[in-house]
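# Got a predicted structure plus its sequence, pasted below:
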Amino acid sequence: MMDNPRFLNRTEALGILALVVLLVVILPLSLDVFRLNLVAKYLTYAFVAIGLVLCWGFGGILSLGQGVFFGLGGYCMAMYLKLEASSVANTRIQSTPGIPDFMDWNQITQLPFFWQPFHSLTFTILAILIVPALFAFLIGAAMFKRRVGGVYFAIITQAVAAILTILIVGQQGYTGGINGITDLRTLKGWDIRPDHAKFVLYFFEVACLFGCIFLAQFVRHSKLGRILVAMRDKEDRVRFSGYSVANFKIFAFTLAAMFAAIGGAMFTLQVGFMSPSFVGIVPSIDMVIFTAVGGRLSIFGAVYGTLLVNLAKTALSESFPQLWLFGLGALFIAVVLAFPNGLAGIWRDHVQPRIDRLLASRKLKSGGWTDNSVADGAPAE
Amino acid sequence: MFGDYSIGDLGAIFAMQGFAGLILFSVYVLMALGLAIIFGQMGVINMAHGEFMILGAYVTYLTAETFQVYLPSLFGGYFFLAMLLAFIASGSLGMLVEWALIRHLYRRPLDTLLATWGLSLILQQAYRSIFGAREVGVELPQWMLGSEHVTDTIEVPINGIFVMCLTVLITLCVAYIMYKSRWGRQVRAVMQNRVMAGAVGINTEKVDRYTFALGCGIAGIAGSAFTMIGSTSPTAGQLYIVDTFLVVVFGGAASLLGTIASAFTISQAQSTMEFFMSGSMAKVLTLLAIVAILMMRPQGLFALKVRK
């Protein structure tokens, strides 16, 4: 099935169509703007989840620090928007007009040097893509070249997440501290707060999401994707075949970081603020569970998993706040013990064969495997 | 930064910060010992280790409260009983967890990471439901408060010395168990070659269960020590889990001596730097230094074999 040279086989094309219909037609028509904004917020996590599918599901690299890249992308966008909202006219009442309010509270009188370039939208967009990727490249290069993988890598990504959180919270004057960067108003003069703006931003985000899905699908179906899968299952054989394992791992990790950063920037636009509570260890591990529930081997699974887990979180924590953490913890354990391939695995093993039997246009010996067959059932190491 | 102080002053500052860092060192050592035993023995990453520590802290709190209400005259000695109870409580919970969850997940370290994170969420919520979400403080007996004046400028907190002695005692006990006792030999055998150990008649499952319980029990005692440096709340364990992992990885996961050395280095570096700069910057710099060193030498300080 991996020999299928087509970019999208029939099952995947149907999957994309279903997702398009859901996100572009069903949800906007059936939900009010408030709930649509919630869905948009969940979808920003889906960016991270797709990156994790590439990096963890196919590459075997578990990163428990995706919050770092999510936060970096989010903070870049937040800094740009904050500078725009802190124009001299808006900040007349501060002791130093023209700089963000939290800097004023902390008795900072001049915009720090690393804030200056964020006056420009082009620089911001470039920064969102390049800074987290550079970060990931440095971490990946230092780790993978020395063949640090698996558990040690996961712990070090946690440490990096912790470091960044403590740094942001500690330097309140420069980064907004524990409250983050709030009170964002306009993007190049266009107000992002009213309902119709949120509507437009939702569709923009869905477009970006599909862009990322196609990019992930492209990587997966290329030779690069096949090497990633091979690396995950038998790294030494790939090394002995002459490939530079470290370089491929660095690429997968950097790509996942870029996806996460785009998600972070979208989050800032949708929700209107960014804070260190999305950067640390806990949100990073939560992002991993979205991928795990959806199925770490399936790109669509990542999107559905994210939506489902976040829906459950909102629903449960409103009605039964005490139950939610029990439920989430049990979900972690259940996913690991009972269904390691997540919902996509359940779909593939139980639902897909029935659908194929119904359509019955092709006789498949193994009863309806999708392209995931080669990547089937491999453990996370 | 250093220019304002004379050499004698600096010496006194380092010594004082060093003693102040003793309790932190003790907590790190006790936590890391437990984690290193579990990780080295079974390759299991226990993200819920902080919650076992907090269980020990809560047990200490309960013991203190009980003694205050029922046996106020014996309040001075409650701490020893509290530590024993903490060890038993965390150890029993560890045995239960091993039986219910961990034994299905050997040889899958990344999966145990996620599963034990889920366990830690469950435990946190359980503490929140049972003890309440607010922090609780543990009252120390009278003889533990205050500090000794060693010289004019150096003051040593008494509870620091107490916890330090306790840690030394426990470390020696663990070293004795691991290297001199019959059971320790079984543990090491299973660690080195599980299949052969099973073939010569060692009950590997029982060894695993008791090792996990021992690791968690030591974490419980760490929790007792922890009550002296921080207030006990359901989420307090999470603050220490990353530090503990770094201590274990930095020291080389299979070496007890490495664990102690790395705990000492990290705790002293952090507490000394805290004097000169803000607490958060000191923490950031310490963590950065560890990550940088780990990037250059991934196997840690005292590695027995190459890490993958």
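Received the coordinates, thanks.
# Which parts of chain A are strands?
For chain A, strands defined by DSSP state E occupy the ranges A:186-187, A:190-191.
# Okay, now the sheet partners of the first one, with direction.
Strands flanking strand A:186-187 in the sheet, each with its direction: strand A:190-191 (antiparallel) (DSSP bridges).
# can you give me the offset of the strand it pairs with from its chain's centre?
26 Å (C-alpha atoms, centre = their mean, to the nearest Å).
# cool, and stretch B:79-88?
15 Å.
# Likewise for stretch A:335-347?
Distance, centroid of stretch A:335-347 to centroid of chain: 20 Å (C-alpha atoms, centre = their mean).
# Tell me how far residue A:213 lies from chain B.
Residue A:213 is 24 Å from chain B, where distance means C-beta to the nearest C-beta, to the nearest Å. Where you see a C-beta, it was placed from the backbone N, CA and C, and this is true even at glycine.
# That residue contacts residue A:16, doesn't it?
Yes: if you go by C-beta atoms under 8 Å, residue A:213 and residue A:16 touch, sitting 7.2 Å apart.
# shared neighbours of those two, which are they?
By C-beta atoms under 8 Å, 6 or more residues apart in numbering or on different chains, residue A:213 and residue A:16 have these common neighbours: residue A:300.
# between these two, who's got more neighbours?
The neighbour comparison of residue A:213 against residue A:16 (other C-beta atoms under 10 Å in any protein chain shown) goes to residue A:213, with 21 against 17.
# Skip the chain neighbours and tell me the closest residue to the more buried one.
residue A:299 (5.8 Å; C-beta to C-beta, 6 or more residues apart in numbering or on different chains).
# unless I'm mixing things up, residue B:27 is touching residue B:224, no?
No: with contact defined as C-beta under 8 Å, residue B:27 does not reach residue B:224; the gap is 9.8 Å.
# Which single residue of chain B ends up nearest chain A?
Residue of chain B nearest chain A, by C-beta to the nearest C-beta: residue B:118 (2.6 Å).
# which residues are in contact with the one helix or strand residue B:171 maps to?
Using DSSP states H and E, residue B:171 sits within helix B:158-180. The contact list for helix B:158-180 (C-beta under 8 Å, 6+ apart) reads B:19-20, B:22-23, B:25-26, B:29-30, B:33, B:37, B:83, B:140, B:143-148, B:183-184, B:187-188, B:214, B:218, B:221, B:225, B:228, B:256, B:260.
# What parts of the stretch 51-200 of chain A come near chain B?
A:62, A:64, A:142-143, A:146-152, A:154-156, A:158-160, A:162-163, A:166-167, A:169-170 (C-beta under 8 Å from any C-beta of the partner chain).
# Now, those that are in helices?
Those of those mapping onto helices are A:142-143, A:150-152, A:154-156, A:158-160, A:162-163, A:166-167, A:169-170, per DSSP state H.
# Might you report the residue contacts of residue B:105?
Per C-beta under 8 Å, 6+ apart, neighbours of residue B:105: A:336, A:337, B:44, B:111, B:112, B:115.
# Hmm, I typed the wrong one, I wanted residue A:127.
A:76, A:117, A:118.
# And it, how close does it get to residue A:102?
To residue A:102, residue A:127 is 20 Å away according to C-beta to C-beta, to the nearest Å.
# before we move on, the earlier item: among the contacts of residue A:127, which are in helices?
Short answer: these in helices (DSSP H) are residue A:76.
# Can I have the buried ones of the contacts of residue A:127 as a ChimeraX selection?
Restricted to buried positions by 16 or more other C-beta atoms under 10 Å in any protein chain shown, the ChimeraX selection for those reads:
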select /A:76,118
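# follow-up on the earlier one: show me which of the contacts of helix B:158-180 are buried.
By 16+ other C-beta under 10 Å, the contacts of helix B:158-180 give B:19-20, B:22-23, B:25-26, B:29-30, B:33, B:37, B:83, B:140, B:144, B:147, B:184, B:187-188, B:214, B:218, B:221, B:225, B:228, B:256, B:260 as buried.
# Residue A:337 - how many residues pack around it?
The burial count for residue A:337: 14, using other C-beta under 10 Å.
# Let me know whether it touches residue B:103 as I believe.
No: assessed by C-beta under 8 Å, residue A:337 is found out of contact with residue B:103, at 11.2 Å.
# residue of chain A with the smallest distance to chain B?
Nearest to chain B, among the residues of chain A, is residue A:332, at 2.6 Å (C-beta to the nearest C-beta).
# ok, that residue to residue A:54 distance?
Using C-beta to C-beta, residue A:332 is found at 21 Å from residue A:54.
# before we move on, the earlier item: I figured the residue of chain A closest to chain B hits residue B:118, correct?
Yes: at 2.6 Å, residue A:332 counts as touching residue B:118 under the criterion of C-beta under 8 Å.
# which residues does the nearest residue to residue A:183 once chain neighbours are set aside contact?
Spatial nearest neighbour of residue A:183, chain neighbours left out: residue A:85 (6.3 Å); criterion: C-beta to C-beta, 6+ apart. The contact partners of residue A:85, by C-beta under 8 Å, 6+ apart, come to A:183, A:184, A:185, A:186.
# before we move on, what about residue A:272?
If a contact means C-beta under 8 Å, 6+ apart, then residue A:272 has A:182, A:184, A:192, A:193 as its contacts.
# Show me what from the stretch 101-250 of chain B comes close to chain A.
Contacts of the stretch 101-250 of chain B with chain A, taken as C-beta under 8 Å from any C-beta, map to B:101, B:104-105, B:108-115, B:117-126, B:128-129, B:238, B:242, B:245-246, B:249.
# one more time with 7 Å
The stretch 101-250 of chain B comes close to chain A at residues B:101, B:104, B:108-111, B:113-115, B:117-119, B:121-122, B:124-125, B:129, B:242, B:245-246, B:249, as judged by C-beta under 7 Å from any C-beta of the partner chain.
# List only those of those flagged as buried.
B:101, B:108-111, B:113-115, B:117-119, B:121-122, B:124-125, B:242, B:245-246, B:249.
# follow-up on the earlier one: give me the phi and psi angles of the residue of chain B closest to chain A.
The phi and psi values for residue B:118, taken as degrees, to the nearest 10, are phi -60, psi -40.
# what about residue 236, how many residues close to it?
If you meant another chain, say so; for now it's chain A. Residues near residue A:236, counting by other C-beta under 10 Å, number 9.
# oops, chain B please
20.
# contacting residues around it?
Residue B:236 makes contacts with B:54, B:230, as judged by C-beta atoms under 7 Å, 6 or more residues apart in numbering or on different chains.
# Then residue A:115?
For residue A:115, the contact set (C-beta under 7 Å, 6+ apart) comprises A:79, A:83.
# Show me the helices in the stretch 51-200 of chain B, by range?
B:78-100, B:109-131, B:158-180, B:182-192, B:194-199 (DSSP state H, counting those that start in this stretch).
# rewinding a little: export the contacts of residue A:85 as a markdown table, with columns for neighbour count and pLDDT.
Shown next, in a markdown table, are the contacts of residue A:85 (neighbours: other C-beta atoms under 10 Å in any protein chain shown; pLDDT from 0 to 100):
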| residue | neighbour count | pLDDT |
| --- | --- | --- |
| A:183 | 14 | 83 |
| A:184 | 23 | 84 |
| A:185 | 17 | 83 |
| A:186 | 15 | 83 |
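# Among these, list the two that are farthest apart in space.
The span of the contacts of residue A:85, defined through C-beta to C-beta, is set by A:183 and A:186 at 11.2 Å.
# For residue B:106, see how far away residue B:38 is.
Distance check for residue B:38 against residue B:106: by C-beta to C-beta, it reads 12 Å.
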